[in-house]
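Engineer: What follows is a predicted structure for the sequence shown.
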Amino acid sequence: MIQKTLDNLFEEFLTKESIFTCKGALQAKYQPKNLLHREELVKELASILAPTLRDELPSNIFIYGKTGTGKTSVIRWIADQLSSKAGSIDVRLKIIYVNIKLDRVADTEYRLFAYLGEQLGATIPTTGLPTSHVFDVFKREVDAKDSTIIVILDEVDRLISKTGDEVLYNLTRMTGDLKHSKVCIIGITNDLKFLDTLDPRVRSSLSEEEILFPPYNALQLRDILARRAEIAFKSGVVDQAVVRKCAARAAREHGDARKALDLLRVAGEIAERAGDTKVVEKHLDIAEDRIDFDRVLETVKSQPRQSKAVLFSIMRLNGEEVTTGDVYDTYRHMCMNSGLSVLTQRRVSDLISELDMLGIVSAKKKSLGRYGRTRFISLHLPSVVHGNIHEVLSSEFGM
DNA sequence: AGGTATTCACATGAAACTATTCTCTGAGTTAGG
DNA sequence: TAACTCAGAGAATAGTTTCATGTGAATACCTGT
């Protein structure tokens, strides 16, 4: 019986015509042929990097701008163009792109050097060696290449917040120790205040050139979306009105193109699943909720056990604002009942801060004068997810 | 009344510790010549 | 004698504990009127 219906379902799926022609065009990793509304920045960056083609060392570059403003796309695009150009005129150039947050292979000093070294052909174990040794291996590898090497560090702020700015200091000063090769660093971040937190020495050498990526406005977003929608959907599936709506919503949220594309893609998926042949505004509404829902549920699920326990305690206290002390009491009882080891209040306090940062709970500091100073914690979940999360957590802790 | 000192309940910071995973090194063991 | 095995030392890392210090404002306590 089940077999039969499932069979039908697959069959139906296969025969039904998809409304997409190339869904990939709406995904973050898609590289468009040309980058709309970024021509000036492309030109600027290209002119800074051009000296590599004459075998000269370009300035280090520091790029900043909010998420979804095209930083990564632009730099990757230029990197591609540059290396193919270098290839055609026989200039030795190697470009290494690392996303520190995404590739978790590179979020510490050791791992970054190991990763870079591997990109150049060395084999470096994941652990066991002193960091300085790994750095030496990397340096040797670089020098052996006898070429210009451009290292692109996407989301550098992650690296610094975890390990301090010594890494960058080492990297930026490396060229001095090398006999044959040259190294150029391109740092990318969406933390606009990041530069201020750096050691002045590092700062001045990293940001020989600074480039700001401003957010897209609604009109620009519309162009981008329209172009991508053209590639991604069959013609007539998405009309201009929907694209405009989509762009407007994303523009409201600081001109984040990635979000806009996500919204459109999910809306398309929803329409397709519902068997509709056109994407309409209704689908956008559902998509907006869905994205929210998925994001929150995913973050909660991926939390470590103790963090979930803390969240669950907050949920069980259920309702008004509670203090850190209240949460800790409930948490302790819960741990004892479910056989989980009890962490110190110090640690729980940190876990609460983390949940706050993730936007799952809100924790406001408040002083009660004579009666101490504590955080007031309340749940901060969209109501759609609340039930689901409660279910997930209570089954995990068996209550 | 006005001003200062206390006090509470944590927040926040820094350092040290723990468990795990992994490499390197050198001593001991084994198998083949 | 060369190849292999294995234990011990040393690293990196995530997660945590320990110890120390910081914090904001309601209250308690003084002081002089």
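Structural biologist: Cool, got the structure. Numbers count the residues shown, from 1 in each chain, chains lettered A, B, ... in the order given.
Engineer: low-confidence ranges in chain A?
Structural biologist: A:1, A:16, A:103-104, A:319 (pLDDT under 70).
Engineer: Now it against DNA strand C: closest residue?
Structural biologist: Residue of chain A nearest DNA strand C, by CB to the nearest atom of the strand: A:Gly369 (1.6 Å). No exception for glycine: its C-beta is placed from N, CA and C like everyone else's.
Engineer: A:Ile19 against A:Ile270, yeah?
Structural biologist: No - checked against CB atoms under 8 Å, the pair A:Ile19 and A:Ile270 is beyond contact range at 10.8 Å.
Engineer: got a list of what A:Tyr216 touches?
Structural biologist: Listed by CB atoms under 8 Å, 6 or more residues apart in numbering, the contact partners of A:Tyr216 are A:His37, A:Gly68, A:Thr69, A:Gly70, A:Ile224, A:Ala251, A:Gly255, A:Ala257.
Engineer: likewise A:Trp77?
Structural biologist: Counting by CB under 8 Å, 6+ apart, A:Trp77 touches A:Gln31, A:Leu35, A:Val42.
Engineer: tally of neighbours for the last one?
Structural biologist: Applying the criterion other CB atoms under 10 Å, we find 17 residues in the vicinity of A:Val42.
Engineer: buried ones in stretch A:333-346?
Structural biologist: Buried residues in stretch A:333-346, counted by 16 or more other CB atoms under 10 Å: A:Met334, A:Cys335, A:Val342, A:Leu343.
Engineer: How about the third one: what's its closest non-neighbour residue?
Structural biologist: Computed as CB to CB, 6 or more residues apart in numbering, the closest residue to A:Val342 that is not its neighbour in sequence is A:Cys335, at 4.6 Å.
Engineer: Tell me which residues touch that neighbour, please.
Structural biologist: For A:Cys335, counting by CB under 8 Å, 6+ apart, the contacting residues are A:Ala309, A:Ser341, A:Val342.
Engineer: mind checking the SS state of it?
Structural biologist: helix (DSSP: H, G, I helix; E, B strand; the rest coil).
Engineer: So A:Ile186: helix, strand or coil?
Structural biologist: strand.
Engineer: ok, A:Cys142 touching A:Thr175?
Structural biologist: Actually, residue A:142 is Val rather than Cys. No - between A:Val142 and A:Thr175 there is no contact under CB under 8 Å: 9.2 Å.
Engineer: Find residues that contact each of those two.
Structural biologist: Contacts common to A:Val142 and A:Thr175, judged by CB under 8 Å, 6+ apart, are A:Ser181, A:Val183.
Engineer: From the recorded domain assignment, give the ranges for chain A.
Structural biologist: Chain A breaks down by automatic domain parsing into domains covering A:2-26+A:216-299, A:39-213, A:303-396.
Engineer: how about those in JSON lines, adding distance to DNA strand B?
Structural biologist: Formatted as JSON lines, those follow (distance: least, CB to the nearest atom of the strand, whole Å):
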{"stretch": "domain A:2-26+A:216-299", "distance to DNA strand B": "20"}
{"stretch": "domain A:39-213", "distance to DNA strand B": "2"}
{"stretch": "domain A:303-396", "distance to DNA strand B": "2"}
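Engineer: Now do the same contact list for the closest residue to A:Ala274 other than its chain neighbours.
Structural biologist: Once flanking residues are discounted, A:Ala274 sits nearest to A:His283: 7.9 Å by CB to CB, 6+ apart. A:His283 sits next to A:Ala267, A:Gly268, A:Ile270, A:Ala271, A:Ala274, A:Asp276 when contact means CB under 8 Å, 6+ apart.
Engineer: Filter the residues you listed down to the buried ones.
Structural biologist: Going by neighbour count (16+ other CB under 10 Å), the contacts of A:His283 have A:Ala267, A:Gly268, A:Ile270, A:Ala271 buried.
Engineer: which of those sit farthest apart?
Structural biologist: A:Gly268 and A:Ile270 (7.2 Å; CB to CB).
Engineer: Show me which residues of stretch A:152-166 are buried.
Structural biologist: A:Ile152, A:Leu153, A:Asp154, A:Glu155, A:Val156, A:Asp157, A:Arg158, A:Leu159, A:Ile160, A:Thr163, A:Asp165.
Engineer: Among these, name the ones in strands.
Structural biologist: Of the buried residues of stretch A:152-166, the ones assigned to strands by DSSP state E are A:Ile152, A:Leu153, A:Asp154.
Engineer: picking that back up, now render the buried ones among the contacts of A:His283 as CSV, adding secondary structure and distance to DNA strand C.
Structural biologist: Converted to CSV, those look like this (DSSP: H, G, I helix; E, B strand; the rest coil; distance: CB to the nearest atom of the strand, whole Å):
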residue, secondary structure, distance to DNA strand C
A:Ala267, helix, 35
A:Gly268, helix, 36
A:Ile270, helix, 34
A:Ala271, helix, 39
